[in-house]
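Peer 1: The following block contains a protein sequence and its predicted model.
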Amino acid sequence: MAIPSCNDDEGMNNDEHESFLEWPRLSSSSFSSSRPAPRWTAILGPCQVLVFPNFLSLPDTRALTDYLLQEMKLQIDDKLDPTKPRPVKIPRPGYAFRDNDRIQFDSPEFASMVWNKCGLRDRWKELWDHPKYGLETVQGQSITSGTRNNKRIRRAVGLSRNIRMYRYQQGQSFGAHYDESVIEKDDAGDDVVSEYTVLIYLNGERDSDLIGGETVFYPKGKKPIPTSGATAPTRGGGGKKGGGAKGSGNGNAAAAGGAPGTGAAGAGGESGLSYTLPNGGVAVKPERGLLLVHKHGDECMLHEALIVQRGFKYVLRTDVVYEL
């Protein structure tokens, strides 16, 4: 029996995997002489869910938002019949419910720009060199795999070339799910595997009319209180590490079911970045330029995007990929 998963390629033809417009050339580093260096903040972890405030500058987030809106108009809005109601997404068994708009394009150049020019490569090394966040005894931007006595260092090599951009309108959400690891090819044709989801929020409540849309993580591996429209089917597993097949779309966001390893849990971080819900979920509020990373694959924590109560939420999505 096939294991269900959520696929961002669904409903898109091959032509729509390429950007219709030229994407913006981002200019900022994560910090400069005029922008004091922010710091990583552990939300759950120490390294399960982390955020980095002001990763992208105001001009860069505005440029990306303008690009997203133009692409959405060409790829989605212009194809809708204005005389008819907007099509309603129907929940399907085995898939996490989502009704947000999304576009994607394959661009190693864009991925390299965010990783190198915008400074995520340096911030990633800074993160794993830190004694609080470093994984085991491995130095630098690396993780280990294999049995305890035969571990092998695997290093981060960049970001996934599969770039996704999301638009959430009022009333839209993404139900509880897990993000699966995906195997893809790098520029040299070698296999690499995604290990961390990367979300960059392009707007927030303080600079727009957005209310809601928090990203919520459930440390206990289950969601105590279901929300409208979300399903609770079995966990999916397309494109997992060692699976031999490349996953696709959204990092294969598998619908919620079983409980994977969650790591150490405990809400932390600076005041205003996150808060705990009555049902135990830890919510991260969208903030312009905020970078959020979280483990996915076998160690992914159950999470969801809450309903946008007012306005729009704009998000850039990719993944940190490691050598196999």
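Peer 2: Looks like it came in fine.
Peer 1: From here on, just use CA atoms for contacts and neighbour counts.
Peer 2: OK.
Peer 1: How many neighbouring residues does Phe217 have?
Peer 2: Burial of Phe217 is recorded as 28 neighbouring residues (other CA atoms under 10 Å).
Peer 1: Name the SS class of Met113, please.
Peer 2: Assigned by DSSP: H, G, I helix; E, B strand; the rest coil, the conformation of Met113 is helix.
Peer 1: from now on call the first residue 56
Peer 2: Sure thing, new numbering starts at 56, so read that last one as Met168.
Peer 1: what's around it, how many residues?
Peer 2: 17.
Peer 1: With adjacent residues omitted, what lies nearest to it?
Peer 2: Closest residue to Met168 apart from its sequence neighbours, by CA to CA, 6 or more residues apart in numbering: Leu81 at 7.3 Å.
Peer 1: Touching, that neighbour and Cys173? I think so.
Peer 2: Yes - shown here, Leu81 and Cys173 form a contact pair, counting by CA atoms under 8 Å, at 7.2 Å.
Peer 1: So these two - more neighbours on which side?
Peer 2: In this view Leu81 and Cys173 are compared by other CA under 10 Å, and Cys173 has more residues nearby, 21 against 18.
Peer 1: Ramachandran angles for that one?
Peer 2: Main-chain torsions, Cys173, degrees, to the nearest 10: phi -80, psi -10.
Peer 1: And for Leu129?
Peer 2: According to degrees, to the nearest 10, Leu129 has phi -70, psi -40.
Peer 1: next one: Thr116
Peer 2: Per degrees, to the nearest 10, the backbone of Thr116 is at phi -70, psi -40.
Peer 1: got the contact list for it?
Peer 2: Applying CA atoms under 8 Å, 6 or more residues apart in numbering, we find Thr116 in contact with 257-258, 343-344.
Peer 1: let's see it at 10 Å
Peer 2: 81, 109-110, 122, 255-258, 343-345, 369-371 (CA atoms under 10 Å, 6 or more residues apart in numbering).
Peer 1: From these, pick the one nearest Phe165.
Peer 2: Comparing those against Phe165 with CA to CA places Leu81 closest, at 9.2 Å.
Peer 1: So that closest one sits against Leu119, correct?
Peer 2: Yes - with contact defined as CA atoms under 10 Å, Leu81 reaches Leu119; the gap is 8.5 Å.
Peer 1: residue ranges of the strands in the stretch 256-379 of the chain, please?
Peer 2: Counting by DSSP state E, counting those that start in this stretch, one finds strands in the stretch 256-379 of the chain at the ranges 266-267, 270-273, 308-310, 329-331, 337-339, 346-350, 357-360, 363-365, 368-378.
Peer 1: Which members of the contacts of Thr116 define the maximum pairwise distance?
Peer 2: It's Asn109 and Tyr122 that sit farthest apart of these, by CA to CA, at 19.4 Å.
Peer 1: the helices in the chain, which residues?
Peer 2: 113-130, 163-167, 175-184 (DSSP state H).
Peer 1: what angle do the longest one and strand 368-378 make?
Peer 2: Translated: helix 113-130. Angle of helix 113-130 versus strand 368-378, following axes from the mean of the first three to the mean of the last three CA atoms, to 10 degrees, is 100 degrees.
Peer 1: likewise the last one?
Peer 2: In terms of direction (the same axes, to 10 degrees), helix 175-184 departs from strand 368-378 by 70 degrees.
Peer 1: Would you mind listing the buried residues in helix 175-184?
Peer 2: Of the residues in helix 175-184, 175-176, 178-184 count as buried by neighbour count, 16 or more other CA atoms under 10 Å.
Peer 1: The longest one too?
Peer 2: Of the residues in helix 113-130, those buried under the neighbour-count criterion (16+ other CA under 10 Å) are 115-120, 122-124, 126-127, 130.
Peer 1: Mind checking the pLDDT average for that helix?
Peer 2: Confidence over helix 113-130 (mean pLDDT, whole number) is 92.
Peer 1: same thing with the shortest one?
Peer 2: The predicted model assigns helix 163-167 a mean pLDDT of 95.
Peer 1: packing partners for it?
Peer 2: strand 207-214, strand 217-223, strand 368-378 (3 or more CA pairs under 10 Å, 6 or more residues apart in numbering; DSSP states H and E).
Peer 1: Alright, calling it a day.
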